[in-house]
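Chemist: All I have is the shape, not the residue letters:
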């Protein structure tokens, strides 16, 4: 019985992931240009900036020492997960994968792969 329930959950998850991965990660230039407020963002005419920052998601304090170590962030002074988040001028938002809060922003930015994904998307629509 438990295996059947797990199979249903696994198939549901696979279906949801497949749907999510079929959506574009970033708004196209045309979408971004047409949906943004023209008067507010006029200095970016002809450009499609994607602004990135880091955020944290608070977690409980873990009793396991290794989990405690990889999730503790000195910057946020708490156990958390961290992720890169982005915003486009049209209001499109997204995020990178969650990493343990102990990672530095530099390590995350260099190794998370979101900038490579952004570059590939940009090249794909040229």
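Modeler: Looks like it arrived, so ask away. As the structure is a computational prediction, the values presented were derived from the model and not from experiment.
Chemist: quick one: secondary structure of the residue nearest to residue 117 when sequence neighbours are not counted?
Modeler: Nearest non-adjacent residue to residue 117, counting by CB to CB, 6 or more residues apart in numbering: residue 25, 6.1 Å away. No exception for glycine: its C-beta is placed from N, CA and C like everyone else's. Secondary structure state of residue 25, per DSSP: H, G, I helix; E, B strand; the rest coil, is coil.
Chemist: ok, now how distant is the residue nearest the centre of the chain from residue 30?
Modeler: Nearest to the geometric centre of the chain sits residue 95, at 1.5 Å (CA atoms, centre = their mean). Taking CB to CB, to the nearest Å as the measure, residue 95 falls 23 Å from residue 30.
Chemist: Residue 49 too?
Modeler: From residue 49 to residue 30 the distance is 15 Å (CB to CB).
Chemist: And for residue 100?
Modeler: 38 Å.
Chemist: Please say which of the two ends up with more neighbours.
Modeler: The neighbour count for residue 100 versus residue 30, taken as other CB atoms under 10 Å, is higher for residue 100 (18 against 10).
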